[in-house]
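J.: coordinates for the following, if possible.
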Amino acid sequence: MARSKPYRDDAVVVRTYDFGEADRIIVLLTKQHGVVRAVAKGVRRAKSRFGSRLAPFVHLNVQLYPGRNLDTITGADTVAFFAAGIIDDYERYTAGCAMLEAAERLTQSDDASMFSALVGALSLLGDAHDPVAVCDSFLLQAMDYAGWAPVLFACAQCSRPGPHHAFHPGVGGACCHQCRPPGSADIAEDVLHYMWLLAGRYWDKAAELSRKNPEISSTAHRLVRWHLQWHMERNVTALSIMEQSL
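T.: Numbering: from 1, shown residues only. Model (predicted):
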């Protein structure tokens, strides 16, 4: 149902682009209204009241006025500023951009789960956590909310109990030797266990496993990216940039 009255909501800025001479389109992932596209009028002028707050990696409480194609942002108060620990570090910045891009594309409703997962991941990204692990953890959660998280233990095709040693997004994740399709990745069972730990946000155990064998985390990242982009049927630009630095 179309909104007809002004409303307030918590939101994270996921993307911005210029519009007209002084305006800017702000794409928001909101807590109660899903993805909202709104115009912030006059924010590119030097005397704008809240233009500097309407930037990626900022958690806001915004006031919006509904419109036919775009809502209008009439107020914005900063709740949390995550950018300080992200934008000056290339790896954290690209990981954060991948999370924002995926959140925008995967949010299908006004379920608050995606919003809460994104805020939690951004709060971790600026501290001592491994940025690739934080990104992969969020992407696994986001795919779960979207309805196509990878199966990580039983065979995704026949449900034979694992652990298994092959993975293919076309069958839904882990697969046994009888069900594996051509092109499946051969993997150690610890890789799927590591992905399970990330999905559940068991940070200490995931970090311990990665320290024992650093290849586990890089392999898991490639599988997460493969599964995500297979089901989205398009590339996530920031993930391609991340891959170049790994």
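J.: could you check the pLDDT of the nearest residue to residue 227 once chain neighbours are set aside?
T.: Closest residue in space to residue 227, ignoring its immediate chain neighbours: residue 169 at 4.2 Å, by C-beta to C-beta, 6 or more residues apart in numbering. Every residue, glycine included, has its C-beta placed from N, CA and C. Looking at residue 169, its pLDDT reads 95.
J.: got a list of what residue 169 touches?
T.: 150, 226, 227, 230, 231 (C-beta atoms under 8 Å, 6 or more residues apart in numbering).
J.: next, the buried residues of the host helix or strand of the last one.
T.: This points to residue 231. For residue 231, the element it lies in under DSSP states H and E is helix 215-232. Buried residues in helix 215-232, counted by 16 or more other C-beta atoms under 10 Å: 216-217, 219-225, 227-229, 231.
J.: so which of those comes closest to residue 36?
T.: Of all those, residue 228 has the smallest distance to residue 36: 23.1 Å, by C-beta to C-beta.
J.: I figured that closest one hits residue 239, correct?
T.: Yes. If you go by C-beta atoms under 8 Å, residue 228 and residue 239 touch, sitting 7.5 Å apart.
J.: quick check: neighbours shared by the two?
T.: Contacts common to residue 228 and residue 239, judged by C-beta under 8 Å, 6+ apart, are absent.
J.: partner strands of the longest strand along the chain and their direction?
T.: Across the chain, the strand with the greatest residue count (assigned by DSSP state E) is strand 7-19. Note on strand 7-19: by DSSP bridges, its sheet partners are strand 23-30 (antiparallel), strand 58-65 (antiparallel).
J.: run the chain-centre distance for that strand.
T.: Centroid separation between strand 7-19 and its chain, computed with C-alpha atoms, centre = their mean, to the nearest Å, is 16 Å.
J.: could you do stretch 131-149 as well?
T.: 7 Å.
J.: quick one: end-to-end distance for stretch 76-88.
T.: 24 Å (C-alpha to C-alpha, to the nearest Å).
J.: list the buried residues of it.
T.: Buried, per 16+ other C-beta under 10 Å, within stretch 76-88: 76, 82, 83, 85, 86, 87.
J.: so which of these comes closest to residue 125?
T.: Among these, and counting by C-beta to C-beta, the member closest to residue 125 is residue 86, at 5.7 Å.
J.: what bits of this protein have low per-residue confidence?
T.: 1-3, 46-51, 128, 243-246 (pLDDT under 70).
J.: what ranges does it have for its strands?
T.: 7-19, 23-30, 35-40, 58-65, 71-81, 166-168, 173-175, 185-186.
J.: looking at those strands, which is buried most?
T.: strand 173-175 (a mean of 27; mean count of other C-beta atoms under 10 Å).
J.: what's that strand packed up against?
T.: strand 166-168 (3 or more C-beta pairs under 8 Å, 6 or more residues apart in numbering; DSSP states H and E).
J.: quick one: contacts for the most centrally placed residue in the chain?
T.: Central residue of the chain (C-alpha atoms, centre = their mean): residue 99, 2.9 Å from the mean position. Neighbouring residues of residue 99 by C-beta under 8 Å, 6+ apart: 118, 121, 122, 125, 135, 138, 139.
J.: understood, closing this out.
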